[in-house]
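Colleague: how does the following fold in three dimensions:
(chains A, B and C)
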Amino acid sequence: MSDPVRRRKEHIRAVQSLLPFYPESASNFAPKVDAVFLFVLTTCLFFAVLVTLLIIYAAYRYRRTSPGEVGSTGEGNMILEIGWTVIPLFISLGMFAWGAIVYVNYRTDPTDTLNIYVVGKQWMWKLQQPNGKREINELHIPVNRNVKLIMGSEDVIHDFYVPAFRAKMDVVPGRYNTMWFRPTKIGKYHFFCSQYCGTNHAEMGGWVTVMDPSEYSAWLSDEAGNVDPTSAGEKLFTQLACVTCHLGNGTGRAPSLNGVYAGKVLLADGSIVTADDAYIRESILQPKAKIVAGYQPVMPTFQGLVTEEQILNLTAYIKSLQSQPVPAKGAGIAPATTGKK
Amino acid sequence: MHRTGALYGQFKTLEQQKDTATLGMWIFLVTEVMFFGGIMLAYAINRHTYFPAFAMGSNTLSLFLGGTNTVVLLASSFTMAMGVWSAQVGKKQLLTIFLSLTLVLGFVFLGIKYVEYAQKFHHHLVPGRNFDITYCVNNPARCDDLSPSELEVEREELAKALNADPALNSHAQLYYSAYFGMTGLHALHMIVGAGLLLWLLKESLAGRFDAQYNNPVDIIGLYWHFVDIVWIYLFPLLYLIDRHK
Amino acid sequence: MSTASITSTGPALKLPEKHYVNATYGIRSWLLTTDHKRIALLYLASVTFFFFIGGFFAMMIRLHLLTPNGYMLSADTYNRMFTMHGVTMIFFFLIPSIPAVLGNFLIPLMVGAKDLAFPKINLLSWYIYIIGGCFTLYSMITGGLDTGWTFYTPLSTVYSNSAVAPAVVGVFITGFSSILTGLNFLVTVHTMRAPGMTWFRLPLFVWAHYATSVVMILGTPVIAITLALAAMERVFGLGFFNPAMGGDPILFQHLFWFYSHPAVYIMILPAMGVISEIIPTFARKKLFGYHFVAAASLAIAVIGFVVWAHHMFVTGQSTYAALAFSFLTFLVAIPSAVKVFNWTATLFGGSISFDTPMLYAFGFLGLFLVGGLTGLFLGTLGIDIHVHDTYFVVAHFHYIMVGGAVMGYLGGMHFWWPKITGRMYPEWIARIAALILFVGFNLTFFPQFVLGYLGMPRRYHVYPPEFQVYNVMSTAGASILAVGYLLPMIYLTWAAFYGKVAGPNPWPATGLEWRTPSPPPTENFEVTPVVTWEPYDFHHRPDLGLEGGAPQGPAVAPAHGDD
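Modeller: Numbering: from 1, shown residues only, chains lettered A, B, ... in the order given. This is a model prediction of the structure:
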């Protein structure tokens, strides 16, 4: 392109980077959303400017000229009333219709999608590719392919939002929500949690990396970053010295973890809890929160010493201990009772 | 605003005062409809989603006690209406009698409610830590207020419900949340109603009401009838789900 | 400013000897009053107190957001700041403000009554408000609340580590204050109007409060039961909204928004009522399309009840539901548009002056226009996907609630200050303050529209650095806004004691409230008025002392004792 045109484009981009007005457009929805936005914007701007000018004009033209002056009798005008009721009604219907078309398209998942499983939990995202490869707070996807996210939450309501894709959907505990999009531009784009979920809501984001399809396949089949969580967890269990207290035969300072996963644990205060992922995570990070009956509160906290991914690996390892023989004494397992939740 | 006799200072005539108070009570009752409506909606949605659990929960309620309470409240609405009529025709003594009867019936209702609640506590049917829908079936000795045939019915219903819904216990808690929420709210309104009736009784004993001035009786009667109608809804919604025995 | 008024002849005006403020003395005469005017002042003190608290939290938010990396507050503290800002401002300032202060003071005067229908219930509603406020203050003192003012479950009922229960109980209790106020207003308008005050002679302020009261009595009980269930879930472990027990968090959202959407109409309708009084007064012209404006108030109240799930377009609810609610949302915008057009048309052919209340009315028109139109963006399904839960929403509702409702509140305070206190506020400082407010407000909130479209989510204590420029702009605007709020608090207080004596009708305006001394006597009118004129009629009111309209018989019924 010619010099002045290039310089002008660079200038616009520079200004835009200082005072941007809209995010990048990187999905099939971005131009659709931007188009309906522009339609609504220009229509509203037109009426806003019109009314403002009318007000300014009237304020000037009909300003008071003497202290006792009054205005005209002014009755009303049925035609005007009907007019400015019906015309905005039709314009609104137009806005509704255009927005509805985009929305229905957005809520109708196509059949040929690359499915990614997403789990939101306080305060991180776990994403799983179709071949089982897992990511945390990162999503790698190929360009120009329909991608569907199947999302669940482990605790509270979250929301997966990619501004550059103009796509967002709540992640609600107790159900699955799906969303789809087709990335159209290679690059890295922010995603955010967009439903307030507690302390670190603002830090619960990450990056969507849109790649060339061949690069994506290469990345997908690369096992280097993909360690089997269970064996990684087993290594950590030794490395972090968990094994010195949590002896499998129940004679250690801490309860044996054989068979504990998904079972009932009897706590010191008499209550019974289920040893699910959340319980294991809490036990690692805040061991004093729930003390198992018959044991001393001596476990140190690993807050700041383990990453979320390491917690996942440890959990995977503890899960694998479900099938190990449970010692007669020294597990934290609650005695069998009837009908508890 | 000061009063002259029965007329409050902001009003010009007793008629205006009467119309105002009556309209005020009707609008208040509309707000009560919206209040109960919210919890009834929550109930309706959960009943639809977890029907087996709700049916099971309903079966653990005593039809006899609930039915008696329904008759008691209907009777109390009758005595209340008779009280209003007595006031309107100026029969002051009759008014006092009917108001007392209404109050007594109200206390009977609350007493029966207390018995039912106490039973639920004993049977581990209060939502919370030791909620256990199977408690009585598994520990018949502890639930000795239930007859063997009642226990047998409960055992059958429980088996059927567990079959339909393996997570029965937690869903049954939703039924009991609705039960305690709705009947508790209703009982609270009954207690307020009893307080209002006590006041009415006191005024009536002082001879305050006659054919010219009886609006307080009328509008408190409206409140009492409303509370009765709420129970008429609660009874089938809570006690009569899927009963065939 | 006109110097004409009903008792204008002669030397400097004097305050009436006995009026509602000096009628009786002592703290008991205020705390046990049943005079609607004194109760209005009690409310004024309390809502101003909560406005300061909510404003303090706002200051914390904006200062903290000057940098992207959260330098000032911890995440938990910031989360408590925005939550308590929302709870305080919505439940303890915006919802009561105009109805409980101006509505309480003016409605009996405007309909020609001695007091509201139920004066003792009016006092009770203030005490209920105070008790609810105490619970909420207790929550703030014992660690605060960090769930967002929307209390979404299961975060609020199971996971939050903050003082949820006292705050929820506080809001629950205060709801009954709202219900009783609405009940009082509805009954008063039905049964306490003076002779000749027919429905279509009522000021539009009264129509607006009638519509608001309908919303209050139908909607508030639903939030009450919802919060009660949420509180029981938190304290006793019931499970309606907890998925771990089979409950449904979306059910909470439906129940919550069923009230909280109409609640925004509780906040804006009274402000619209104020504007409908100010514009005819300062254009000295009948309001254009009185009947349409009255009908529009009722339409907003009714249609406002069926749009709630437009807050839930991305929850995964059915597409059909979303389509229905989006359609209805556009319908509810129409009556508001009709009102704006009618107010604008009133100006044409008028005789317009630019006193402070009129400046606030102009400000309202501009800001409500932006706020209302941006509501259309949010109602458009395709756009909402992108901007839901971003700063776009924050900007939209602040334009309506601050640019609309607060401007209406301040405009009303200035307009009726002479009636309430008997004294005028200083005009030039007031105009400057209004302008400062307008500038500060736009600088604070307009950049937030851009932030929202760029993708900055709301309720974020840290944000990506590319959003910083707009955040700094917004904070700069907020500091100007703060000055704009402090000024009226200072000079209105000063004016209440030292301002120029105003007389009964300084503007002059046409309502019944201006036909009684300023400040009014306790019983409002010495003689029950008999209304024979139409509202906002400047041409048949020789008592106003303006040019225009031949006198057509006495405008006031001859005094024949209090009937």
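Colleague: quick one: contacts for the closest residue to chain B within the stretch 51-200 of chain A?
Modeller: Per Cβ to the nearest Cβ, A:G174 is where the stretch 51-200 of chain A lies closest to chain B, at 11.2 Å. Bear in mind the C-beta positions are built from the backbone N, C-alpha and C, glycine included. With contact set as Cβ atoms under 8 Å, 6 or more residues apart in numbering or on different chains, A:G174 has these partners: C:243-244, C:247-249.
Colleague: ok, C:V501 next?
Modeller: Under the criterion of Cβ under 8 Å, 6+ apart, the neighbours of C:V501 are C:12-15, C:422-424.
Colleague: repeat that for C:V472.
Modeller: Contacts of C:V472 (Cβ under 8 Å, 6+ apart): C:L66.
Colleague: looks to me like it is in a helix.
Modeller: Yes. Per DSSP: H, G, I helix; E, B strand; the rest coil, C:V472 lies within a helix segment.
Colleague: re earlier: what's the closest of the contacts of C:V501 to chain A?
Modeller: The closest of those, once distances to chain A are taken by Cβ to the nearest Cβ, is C:M424, at 16.0 Å.
Colleague: quick check: phi and psi on that closest one?
Modeller: When read as degrees, to the nearest 10, the backbone of C:M424 gives phi -90, psi 150.
Colleague: can you tell me which residues contact it?
Modeller: Residues in contact with C:M424 (Cβ under 8 Å, 6+ apart) are C:417-418, C:495, C:499-502, C:506.
Colleague: narrow the contacts of A:G174 to those in strands?
Modeller: Among the contacts of A:G174, no member is found in strands (DSSP state E).
Colleague: how distant is stretch C:152-162 from the center of its chain?
Modeller: In terms of Cα atoms, centre = their mean, to the nearest Å, the centre of stretch C:152-162 is set 29 Å apart from its chain centre.
Colleague: that stretch close to chain A?
Modeller: Yes. Using Cβ under 8 Å from any Cβ of the partner chain, stretch C:152-162 reaches chain A at C:152, C:154-155, C:158-160.
Colleague: ok, longest helix in chain B?
Modeller: Longest helix of chain B, by residue count under DSSP state H: helix B:168-205.
Colleague: which other helices and strands does the following helix or strand past that helix contact?
Modeller: Using DSSP states H and E, the next helix or strand after helix B:168-205 towards the C-terminus is helix B:215-239. In terms of contacts (3 or more Cβ pairs under 8 Å, 6 or more residues apart in numbering or on different chains; DSSP states H and E), helix B:215-239 is packed against helix B:14-49, helix B:63-88, helix B:92-122, helix B:168-205.
Colleague: mind listing what's buried in the first one?
Modeller: Counting neighbours by 16 or more other Cβ atoms under 10 Å in any protein chain shown, one finds that the buried residues in helix B:14-49 are B:16-25, B:27-32, B:34-36, B:38-43, B:45-47.
Colleague: kindly report the same for the shortest one.
Modeller: Under the neighbour-count criterion of 16+ other Cβ under 10 Å, helix B:63-88 has B:66, B:69-70, B:72-73, B:75-77, B:79-80, B:82-87 buried.
Colleague: and the third one, by the same measure?
Modeller: By neighbour count with 16+ other Cβ under 10 Å, helix B:92-122 contains the buried residues B:92, B:95-103, B:105-109, B:112-113, B:116-117, B:119-120.
Colleague: mean confidence (pLDDT) on stretch A:283-296, please.
Modeller: Mean pLDDT, computed over stretch A:283-296, is 85.
Colleague: sorry, back to before: from the contacts of C:M424, pick the one nearest A:D277.
Modeller: Using Cβ to Cβ, C:W417 comes nearest to A:D277 of those, at 61.3 Å.
Colleague: the strand or helix carrying the closest one: what's the following helix or strand?
Modeller: C:W417 is part of helix C:407-421, with elements assigned from DSSP H and E. Past helix C:407-421, further along toward the C-terminus, the next helix or strand under DSSP H and E is helix C:427-454.
Colleague: mean confidence score for that next one?
Modeller: In this model, helix C:427-454 has an average pLDDT of 96.
Colleague: report the buried residues of that helix.
Modeller: The neighbour-count check on helix C:427-454 (16+ other Cβ under 10 Å) flags C:429-431, C:433-434, C:436-438, C:440-454 as buried.
Colleague: any weak-confidence spans in the stretch 451-563 of chain C?
Modeller: Within the stretch 451-563 of chain C, the segments meeting pLDDT under 70 span C:548-563.
Colleague: pull the most distant pair out of the buried residues of helix B:63-88.
Modeller: Greatest spatial distance among the buried residues of helix B:63-88 (Cβ to Cβ): B:G66 and B:A87, at 31.8 Å.
Colleague: now for the helix ranked longest in chain A, which elements pack on it?
Modeller: Taking DSSP H as the criterion, chain A has its longest helix at helix A:29-61. Applying 3+ Cβ pairs under 8 Å, 6+ apart, we find helix A:29-61 packed against helix A:78-107, helix C:319-347, helix C:356-379, helix C:381-387.
Colleague: if we can go back for a sec, could I get the helices and strands packed on helix B:215-239 as CSV with mean pLDDT and distance to chain A?
Modeller: Shown next, in CSV, are those (pLDDT from 0 to 100; distance: least, Cβ to the nearest Cβ, whole Å):
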stretch, mean pLDDT, distance to chain A
helix B:14-49, 94, 11
helix B:63-88, 96, 24
helix B:92-122, 95, 16
helix B:168-205, 94, 5
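Colleague: hmm, the helix holding C:W417 in reach of chain A?
Modeller: No. Helix C:407-421 stays clear of chain A (Cβ under 8 Å from any Cβ), getting no nearer than 14.6 Å.
Colleague: any idea how far the nearest residue to C:K500 once chain neighbours are set aside is from C:T356?
Modeller: Leaving aside its chain neighbours, C:K500 sits nearest to C:M424 (4.7 Å; criterion: Cβ to Cβ, 6 or more residues apart in numbering or on different chains). C:M424 sits 10 Å away from C:T356 when distances are taken as Cβ to Cβ, to the nearest Å.
Colleague: so where does the one residue sitting closest to the centre of chain A fall, helix or strand?
Modeller: What sits nearest the mean C-alpha location of chain A, by Cα atoms, centre = their mean, is A:F160, with 2.8 Å. Using DSSP H and E, A:F160 sits within strand A:158-162.
Colleague: spell out which residues of chain B are next to chain C.
Modeller: Counting by Cβ under 8 Å from any Cβ, chain B sits next to chain C at B:1, B:9-12, B:16, B:19-20, B:23-24, B:27-28, B:30-32, B:34-39, B:41-42, B:45-46, B:49-50, B:127-129, B:167, B:170-171, B:173-174, B:177-178, B:181.
Colleague: much appreciated, bye for now.
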